[in-house]
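Participant: Give me the fold of what follows.
(one chain, ligands or ions: 1)
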Amino acid sequence: MTGMTRSILLIIGGGIAAYKSLELIRILKKRGIGVTAIMTKSAGEFVTPLSVASLSGNKVYGDLFSLTDEVEMGHIELSRAADLLVVAPATADLLAKMASGLANDLASTALLATDKPVLVAPAMNVRMWQHPATQRNIRTLRNDGIHFTGPVDGEMACGEFGPGRMAEPDDIANAVEALLSPAARPLAGRHVLVTAGPTREPIDPVRFISNHSSGKQGYAIASAAARLGARVTLVSGPVSLPPPAGVQLVPAMTAHSMLTAVEAALPADIAIFTAAVADWRVAEVAGEKLKKREDGSTPSLAFAENADILRTVASRRQGRPALVVGFAAETEKVIEHAQAKLARKGCDLIVANDVSAGNNVFGGDANTVHLVSAKGVESWPRLSKDEVAARLMATLAERL
Ligand code: CTP
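Facilitator: So this is what the prediction gives:
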């Protein structure tokens, strides 16, 4: 505790679980956390503004009046005055609004206007939770850096059983405290540089050589670093992923342009190289499209070696990031090869990926990795790429 008062803006959605928000306010107040509340129109069907005001000790905001410009400014301030926004209960409707960036009432406007972390506690019928539209929205919101607590399995007010029940007020309060503690942002004030995706090496104006890298692991790492409070630069080859929230995206096409972008982004405290950089480029790129030949003969390509971006950065005398991390894709002797790579590249840590057949790493959502450094080897179980990212960033924040 810093002694400074911490406060949240609580957005109460319209669901039967809204009654638990009253208990949440009581618990938060007891733990010394200030609460200001916004109630959606339908929340008023479940709890009264008077109970919310009495428990929070603050004026309750709602959509009783249409938004004039002047008032709207007030709402933006409202969404930024708190240290954290908490949506409880977060209904399917509110989550959908957040995922699509709608701002047609006070609650959604505050959520769109905020520059603070947001925690949501979903609560809805199990079928609504499991609906592909809701699940799609959840993925979007996670990618935007929104934090989740629950839902949990349980009996619901509608009599059905399954996931969709709002987390208990005590658990939501714990999640609030974790997000408010300085320990939640160990990378505040740090710069993290991440490379991701494939590179494209041109053959002629319409053809190129590339690889299957999806960029998923790198994007997940950039997102995880931002969640820990870092300023993040993500130098990315061409991928079909939306840019993560709170991250500066710098597009790069060839290995050469990726190196230039990386050097321009330095200095950094941590540099993580997940990009699948082409080892070679076509030595002479044709200025015009290569045409089929009359005599049926085929062209041959001569290659030139690309700079190793990781090794270039790791061997800098001046302005070397304190932690330089490489990735290695191996199909056999994973640890041995990674140890050799660690030495050859001069980096501090190699995250060795087991990409042997059947692991479905490329383009897939899971990863089995081993952390190889001078300290030894740490093997992690098969985890989602998001989990690998979160664990890796937590480990790096600790080692920094
Ligand atoms: N890397 C890089 N620039 C290159 C090549 C690789 O920054 N021109 C980085 C990658 O981002 C990754 C690591 O180096 O962090 C991978 O090293 P690399 O030698 O390419 O290993 P593999 O791809 O695993 O291939 P190999 O086993 O053939 O060495």
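Participant: ok, which residues in the stretch 301-400 of the chain are in contact with the ligand?
Facilitator: For the stretch 301-400 of the chain, the contact set with the ligand under CB under 6 Å from any ligand atom comprises Asn306, Asp308, Ile309, Leu310, Gly326, Phe327, Ala328, Ala329. (Each C-beta comes from the backbone N, C-alpha and C, glycine too.)
Participant: Looking at those, state which has the most neighbours.
Facilitator: Neighbour count (other CB atoms under 10 Å) singles out Gly326 as the most crowded of those, with 27 neighbours.
Participant: Spell out which residues belonging to this structure are near the ligand, please.
Facilitator: Counting by CB under 6 Å from any ligand atom, the positions of the chain adjacent to the ligand are 195, 255, 273-275, 277, 279, 306, 308-310, 326-329.
Participant: Okay, and which of those residues map to helices?
Facilitator: Counting by DSSP state H, the members of those that fall within helices are Ala255, Ile309, Leu310.
Participant: Now do the contacts for the last one.
Facilitator: Put plainly, it is Leu310. Going by CB atoms under 8 Å, 6 or more residues apart in numbering, Leu310 touches Phe273, Val324, Gly326, Lys345, Cys347.
Participant: excluding its backbone neighbours, what's nearest Arg311?
Facilitator: Setting aside the residues directly before and after it, Arg311 is nearest to Lys345 in space (CB to CB, 6 or more residues apart in numbering), at 4.8 Å.
Participant: and the one you found, how many residues sit next to it?
Facilitator: Taking other CB under 10 Å as the criterion, the count of residues near Lys345 is 20.
Participant: any chance of the residues of the stretch 301-400 of the chain next to the ligand in JSON lines, plus pLDDT and distance to Val47?
Facilitator: Rendered in JSON lines, the data for these read as follows (pLDDT from 0 to 100; distance: CB to CB, whole Å):
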{"residue": "Asn306", "pLDDT": "98", "distance to Val47": "61"}
{"residue": "Asp308", "pLDDT": "98", "distance to Val47": "60"}
{"residue": "Ile309", "pLDDT": "98", "distance to Val47": "55"}
{"residue": "Leu310", "pLDDT": "98", "distance to Val47": "55"}
{"residue": "Gly326", "pLDDT": "98", "distance to Val47": "53"}
{"residue": "Phe327", "pLDDT": "97", "distance to Val47": "49"}
{"residue": "Ala328", "pLDDT": "94", "distance to Val47": "54"}
{"residue": "Ala329", "pLDDT": "89", "distance to Val47": "53"}
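Participant: circling back: if I read this right, the residue nearest to Arg311 contacts Val313, doesn't it?
Facilitator: No: under the criterion of CB atoms under 8 Å, Lys345 lies out of contact with Val313, with a separation of 9.5 Å.
Participant: Show me which residues of the helix ranked longest in the chain are buried.
Facilitator: In the chain, with assignment by DSSP H, the single longest helix is helix 385-399. Using 16 or more other CB atoms under 10 Å as the burial criterion, the residues of helix 385-399 that qualify are Lys385, Asp386, Glu387, Val388, Ala389, Ala390, Arg391, Leu392, Met393, Thr395, Leu396, Ala397.
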